[in-house]
Each structure stands twice: as C-alpha cells, then as structure tokens.
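Undergrad: requesting a structural model of the entry that follows:
(chains A and B)
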Amino acid sequence: MRKNFRKIRTIAILLVAVLISIVAFVGIFTKQANAYKNIIPDFKLGKDLFGKRELIYKPSTESESKKVYVDSEGNILGYVVEDESSTSLSTDETTSEGSEESSEEVATVEEVDTSKAKINYATETREIKDNEDSVLTKEGFEQTKRTVQKRLSKIGISEYNMRLNDITGELVIETSDDTDISNLYQLVENPGKFEVLDSQTGIILMDNRYIDKVSAVYTTTEEGYQAYMQIAFNKEGTEILKNISSAYVQHTDNETEETTIDYIEIKVDGSQLIKTYFAETIDNGLIQISYGEPTTETSEFRKNYTNALRLTTILNNGKLDVKYSLQSDNFVKAYLSDTAQKVCYVTFAVALACVCVYFTIIYKGKGLLAGISNIGYSGAILLTLRYTNVIATYSSIITYVLMIALNVVFLNNFVKRVIEEGTGEKAFTDSIKKFYMAIIPVIVLAVVFTFATDVSIASMGMCAFWSIFAGLIYNFLITRTLYIGLDKSNDDSLERKIEENKKAKKKQVKQAKKAGKTSTNKSNSKKGANK
Amino acid sequence: MKLYKKVLCLGLALLIIAGIVVVLFKGFNVDLIYSSHTEIIYNMITDYELEDVTKIAKEVFKDKPVQVYDYELFHDGVQINVESITDEEKSTLVEKLNAVYRTTEIETAVTADTLTVNNIPNVRLRDWVTPYILPVVVLYAIIAVYVLIRYRKLGAFKSLGKLFLNVVLLALALLSVAAITRLPLKPFYITVLVSATMLLTSIQLLKYEKQLSERTEDKKKK
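TA: Here you go, the predicted model:
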C-alpha cells in the first residue's frame, strides 16, 4: 500500500516537473480573436538581443551672423536687440534721433549696478559659429563625450555604447529601442548655455559660471501640481542676482505716474525659458522657473516634471564644449541566424539530456529522478524570469547557465548523500545547507549586481537572485519530496516491525493459550490427585 | 611542493607572460562590431533574405570579416559592416546587390556615389570595464569581510590573500588565453570572467569550510 502511494506520488511530482519545463520552453497557447496567443509573458529583450538605435552625431558646422556687444578684448557681452520697439545702449556707433529718444526711456547702463555695467560697449556684426575652431580638438571632443555620459547616467539612461572619433569628432551612440529617444536627443544636442539677459538691451547679465546647483521640484497648489526648475546660484551669482532683482523692477514715474517695467530674460541655448521682472529683492540666490501650468492630470504633470528634470540634468553637468547635430538615427535589428539559434537550442537540450544520462548511469533510478528534477528547475527559472520582467541580455543567459550548473552540483551531492545515509530528508537538509554556504559569493553577487545601473550587470544580478530564490522553493517542494520515503530500508524496517509485532502478538497469544492449557491440565491433575 | 603543482604554476606563469606580451604588441582582438569599421546602408525595395545578402557581401569582401544586419524595424534595408571598403569594393557591392534586388528600370538603382557609407569609431575597452568596477569592488569587499571573520581561525589574512591571488591569476589566465587565441572580444565576456572568478571563489570557500570543520573536529577529539 505504502509502496503504491510512494510510486503514485513520485510519478505525480515528475509530471509536475515535466509540465513546468514544457510551459516554460513552449508556453500555453489559447485562442484569442481567431489566433493562438501564448499567455505566458514573453522575455523583455535587451539591446544585444532585440536591436539597437544607432544615432550618429557630427559637430555642427552652422554659423549665424549677429550683431553683438563686445568689450575691449573682443569678448561678447550681449546681443543687440533687433526689435523696433526695443532700445539699445548708446555706443561707439552713431545713433539716430529715434534711438536716442528711446534710450532715455530705458534704464541706462549706470543705473544697472552690475559688475559689467561700468565698461564701454562697442557693437559689431560677428559670424558666430556653433563650434569655434578652438574647441574642435581631441580634448574638446573628449570633454564633450564625458559630459554627455554624465548627463545620460544622471537621467537614468544606462544601456548604451558611445563611440567617439577623436579626430573628426563624430559621436555614435547605440542604445536600446525603448530608451526615451527625444530625451536623449536633447541631452546630446543641447550644449546647456545658460544666460540671464537684459531684455531691453540684450546684455548678458549672468551665465553658467554663476550656477551652483539646479534641481527639479514641485509644489501642490489649489489648481493642482506645479513643476519648477529651481536654480541656486553661487556666492558671486547671489550678489549679482540681488543687484538684478533690485534693478529690474516696475518703475513708476512720480511726475507723470507712468509705469515702466525692466524685464530680464532667462534663456537656455537661445530658447527663452521666462521673461520677467522682480517684485522683490532676492538675496538668497534662488530663483524658481515654473514648467507648464498647474494641473491635476498625472500625465500632464509628469511631462512637465520630466522636462524640468531634463533641463536640470543639462545645466548641472556643465556646458558641452562641442555642439553636435544629428546626422542619422536608425534602428538596427540584432541578428542571430536561424542556424545559430537552432544550434543554441539543441546544445542546451543535449546538455540537459547528458546530465540526465550521467546521473542515471552513476546513481541508477535515484539519478534519473535528479536529472528530471534538474530539467524542471531550468524551466522554473525561465518562468520566474519571464514573470519578474528581467531584461534578457547575454549576461543573463550566461548567469542562467551558471545557475543550472550549480544546481547539478547540488543534485550530485544530494543524491550521493541519499544513497550513503539512506534518508531523503536528512540528506536534503545537510546538502542544502552546505550548498548555500558554498554559493555565498554568488548570493552576494546577486544582491550587489541587482542594484547596478548598467543593464547588463543588473540583469546578471537579477537572474542570479531569482534563480537562487526559485531554486530554494523548487528544490524544497519538488526535489526533496521526490526523495522522501524513497529509501527502502526505512519502509522495510517499518513493515518488518509491523510483521514482528504481529508475530510477537501471535506468539503471546499462543503462549497464553499454552499457559492456559498447562494450568488447566495441572489443576485437573491436582483435582484427580485429590480425589 | 608537489610536482604537478610546480608544473601548473610554471604553465600559468608562462601563459600570463605570453598574454601580456601579445597585449603589449598587438592588443586584444575585438569583435568587428565593437572595433572601428565601415558601415554600408543599402535600402531594399523588394523582399530579401539576410543570408543571401551576407553571401553576396562575403563574395565581395573575400577574406575580410563581414556582419550583415536588418536595418529598421520593417525590413527596409540592410546594414553591412566590414573592416574597411575600397572604391572598387563599393562599386562591386552595389553592382551585385542591384543585380539581385533592383532588377527593373522602375526600381531606382543605387550607385556607388549614393550609397550611404559611415565610418564608425570603436567602443573603448575601458567603457566596457568601467560599469563593472564599482559592483565588483563592493562584491569582493563583502566577501573579504566574510572571509576575515569566518576563517580567522585558519589565518584571516593568509586565507584572504590566497583567495585574491587565485582570483587574480584566474582572471589574468583567461585574458591571456583570449589574447593569445585572438578570440574576438565582446562586452559580455566580462560576465564570463566574473562568473569564472565567482565559481573559483565558491570552490576556495568550500575548501576553507572543510579545513575549518576538520580543525574543529581535531580540537574536539583532543
């Protein structure tokens, strides 16, 4: 009876192990809208296995003719505002009556108490190139590459290869197709040139040198969530900001009661972020620029916040020496030929079969159970990886094979103990303890690598982690149960005990009967004697 | 020291020295895709099989390593990657591809001048290695602390030193093999290296565990 129960249990567990491997390797197909679809989630493939976006950038050769203010050394101090209604400062050039009249309406240079205010401004028309010849050097290209790498790392884009031709400056970035490409474009193409300008004159009041830190923040208001970019200036910048915030205000003429407003503009890479004036003096060196309108819609807020975050990443990591323009953006599919794929699958299947055969030859029936258990284990890991969305990369495939190899070592040790010690449960406990002590380095690797930013390394860690976790549960439920009570000597001794007990009872009964007969005979003989 | 251990040490030393010499003079052999190469884009307007295009490319470039990939998601063309291309090879390639994939007058032929050719720079080996530095340092720092505490009875620093020496020697040996055999390196080979060192570390810790339990049993007997 017990033997039959054990047989049925063993067969059932083996069927479960085989089922797990079939589901993992083949899948479960159901009919959905006239087509069969696998309900088991597919693997999430990394760049190496699915394909990559290849972005080729070249240093920009564009230039623009602009009228600029220059100092005595030829440094650009601002851009002459071309608008008719705007004004420009009186300069070395002859000015018309119109501009003289309009210049009276605007705060003159002397009224703006900035460190730059006291110098003379000359204007000239200059050809401003996107990249001056002085930056198109190996050092310039290398610095730009490093800054772009910092930006990508800060924003969380980690799956990429970056190639630089340090002679031509050509930059090639290969990334996965699910990377936010529009984000990546801006991080590479925007040099991050920050300017605070006098809106009336075009004079540059502050630039990147005065920034200490930029952060993306948000607040909750009655209307909803509002995203901001908060700029903290350094000591020198704080002083300049204080002067600017007291100068660029709303003025009211006491006599005419006319109000004029002196605006500043904040621009990044020539694009205006905000045009404003100050209601009060800022002496803490902080300004906040809002992104979008306050909103209660999560998607809208997320878009605004992401834009703010991207710009903070650009400004926090320094200006790019070289400005790049995108030459081409293409998707290149990863290619493993049909033959190569078949070779991989067949090799894997043959390896699992060889392990089975090896165990069967060495350990006979118990070895065969271990071989089938190992096949189930490999399927269990695959199912776990699919459901936990681990990104499949070559690194995770290598780790998967490594974990199966470690499981084979464990099974080898376990089955040996079962045969030597004769008890399934004790052998399992001893084997699993020894195994997990031995793979402590792998456990530490799994934990440490899971938190790495690089996708390949993280996928390696996650694959190891889930393999160890799934292995513990699988071996406890399936492998251990296969071997419990499998040892014949245990069952035999039990049956033998039962038989012995039965025999002992029979003997006792016989003896009791005999004793009873003897005493009856004795008493009869006594009675006879007495008579 | 036993004879086989002496032979093993000598062999290992020779292997590592040979590897260092090869790396110094020739460097590592990196897979075509990760080294500096030329990329040719040929747009397709008819159906094609990648194996057929690969055959044509191999005929044109003869001994040079060639890798061909699908270009864009919807089978729009092919990207042919080769070490370098001469004008003659460009013309021959275009001629052969046009002959197969642009057969009618309606289909605009691609010429050697209109063919898109990009020079792709190499990925630096240090860019492969850099992401691994911090995780591996943290990993071995934790293992070092574990070894120092757990195996202090066996000589903490001696055990740790032996472990690190074995790991470093294994890594150097594997890299030397790769350099000498001119194995085309790819980024995931670093994973192989890390996995191999992890296996060795596990084996070494098992040995220490055995020594520790033997020591404990000897003490109990005494």
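
Undergrad: which strand residues bridge the closest residue to chain B within the stretch 1-150 of chain A?
TA: Relative to chain B, the nearest point of the stretch 1-150 of chain A is A:Ile56 (6.1 Å; CB to the nearest CB). Using the backbone N, CA and C atoms, a C-beta is placed for each residue, glycine as well. In this structure, A:Ile56 has the following beta-bridge partners (DSSP bridges): A:Val172, A:Ser328.

Undergrad: roughly how far apart are it and A:Thr296?
TA: Noted for A:Ile56: a distance of 42 Å to A:Thr296, by CB to CB, to the nearest Å.

Undergrad: the two - which one has more neighbours?
TA: Under the criterion of other CB atoms under 10 Å in any protein chain shown, the comparison of A:Ile56 against A:Thr296 puts A:Ile56 first, with 20 against 10.

Undergrad: hmm, A:Pro41 is touching A:Val390, no?
TA: No. In this structure, A:Pro41 sits apart from A:Val390 without contact. The criterion is CB atoms under 8 Å, and the distance is 11.2 Å.

Undergrad: these two: which is more packed in?
TA: More neighbours sit around A:Val390 than around the other of A:Pro41 and A:Val390, counting by other CB under 10 Å; the figures are 24 against 12.

Undergrad: tell me the phi and psi of that one?
TA: phi -70, psi 130 (degrees, to the nearest 10).

Undergrad: ok, which stretches of chain B are helices?
TA: For chain B, applying DSSP state H gives helices covering B:3-25, B:50-61, B:87-101, B:125-150, B:156-180, B:189-221.

Undergrad: to A:Lys514, which of those helices lies closest?
TA: helix B:189-221 (53.9 Å; CB to CB).

Undergrad: quick one: the helices in the stretch 1-150 of chain A, in order.
TA: Secondary structure of the stretch 1-150 of chain A (DSSP state H, counting those that start in this stretch): helices at A:2-25, A:47-50, A:97-105, A:138-155.

Undergrad: a markdown table for the ones you listed, including mean neighbour count?
TA: Written out in a markdown table, the entries for those read as follows (neighbours: other CB atoms under 10 Å in any protein chain shown):
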| stretch | mean neighbour count |
| --- | --- |
| helix A:2-25 | 14 |
| helix A:47-50 | 20 |
| helix A:97-105 | 12 |
| helix A:138-155 | 19 |
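
Undergrad: do stretch A:182-201 and chain B meet?
TA: No. Stretch A:182-201 lies out of reach of chain B by CB under 8 Å from any CB of the partner chain, never closer than 15.5 Å.

Undergrad: what about that stretch, start to end distance?
TA: End-to-end distance of stretch A:182-201: 34 Å, with CA to CA, to the nearest Å as the criterion.

Undergrad: and it, how far out from the chain middle?
TA: Chain-centre distance of stretch A:182-201: 27 Å, with CA atoms, centre = their mean, to the nearest Å.

Undergrad: count of residues packed around the residue nearest to B:Ala156 when sequence neighbours are not counted?
TA: For B:Ala156, the nearest residue in space outside its immediate sequence neighbours is B:Leu148; the separation is 4.5 Å by CB to CB, 6 or more residues apart in numbering or on different chains. For B:Leu148, the tally of surrounding residues (other CB under 10 Å) stands at 13.

Undergrad: quick one, what contacts the residue of the stretch 1-150 of chain A closest to chain B?
TA: With contacts taken as CB atoms under 8 Å, 6 or more residues apart in numbering or on different chains, A:Ile56 has the following neighbours: A:Glu170, A:Leu171, A:Val172, A:Leu326, A:Gln327, A:Ser328, A:Asp329, B:Asn118.

Undergrad: quick one: A:Leu402 and A:Asn389, what's the gap?
TA: Here the criterion is CB to CB. By it, A:Leu402 lies 21 Å from A:Asn389.

Undergrad: spell out which parts of the stretch 251-400 of chain A neighbour chain B.
TA: By CB under 8 Å from any CB, the residues of the stretch 251-400 of chain A that approach chain B are A:328, A:330-335, A:337, A:393-395, A:398-399.

Undergrad: when you check those residues against the strands, which ones overlap?
TA: Among these, the subset assigned to strands under DSSP state E consists of A:Ser328, A:Asn330, A:Phe331, A:Val332, A:Lys333.

Undergrad: picking that back up, make TSV out of the helices of the stretch 1-150 of chain A and add mean pLDDT and distance to A:Ala122.
TA: Output for the helices of the stretch 1-150 of chain A, formatted as TSV (pLDDT from 0 to 100; distance: least, CB to CB, whole Å):
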stretch	mean pLDDT	distance to A:Ala122
helix A:2-25	85	76
helix A:47-50	84	53
helix A:97-105	32	16
helix A:138-155	92	29
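
Undergrad: tell me which of these lies nearest to A:Tyr185.
TA: Counting by CB to CB, A:Tyr185 lies closest to helix A:138-155 out of the helices of the stretch 1-150 of chain A; the figure is 11.6 Å.

Undergrad: okay, that closest one in CSV with CA atoms only?
TA: Backbone C-alpha positions of helix A:138-155 (Å, rounded to 0.1, in the frame of the first residue of the first chain) are rendered in CSV as follows:
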residue,chain,number,x,y,z
LYS,A,138,40.7,66.0,-29.2
GLU,A,139,40.4,67.4,-25.7
GLY,A,140,37.2,69.2,-26.6
PHE,A,141,35.6,66.1,-28.1
GLU,A,142,36.7,64.0,-25.1
GLN,A,143,35.3,66.5,-22.6
THR,A,144,32.0,66.7,-24.5
LYS,A,145,31.8,62.8,-24.6
ARG,A,146,32.4,62.7,-20.8
THR,A,147,29.8,65.4,-20.1
VAL,A,148,27.2,63.6,-22.3
GLN,A,149,28.0,60.3,-20.4
LYS,A,150,27.4,62.1,-17.1
ARG,A,151,24.1,63.5,-18.4
LEU,A,152,22.9,60.1,-19.6
SER,A,153,23.9,58.5,-16.3
LYS,A,154,22.1,61.1,-14.2
ILE,A,155,18.9,60.8,-16.1
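
Undergrad: do any residues in it lie close to chain B?
TA: No. Contact of helix A:138-155 with chain B is not found when judged by CB under 8 Å from any CB; the minimum separation is 8.6 Å.

Undergrad: for the stretch 401-531 of chain A, what lies in contact range of chain B?
TA: Taking CB under 8 Å from any CB as the contact definition, the stretch 401-531 of chain A meets chain B at A:402, A:437-442, A:444-445, A:448-449, A:452-454, A:456-457, A:460-461.

Undergrad: repeat the analysis, applying 10 Å as the threshold.
TA: With the criterion set to CB under 10 Å from any CB of the partner chain, the stretch 401-531 of chain A comes near chain B through A:401-403, A:405-406, A:409, A:434-435, A:437-442, A:444-461, A:464.
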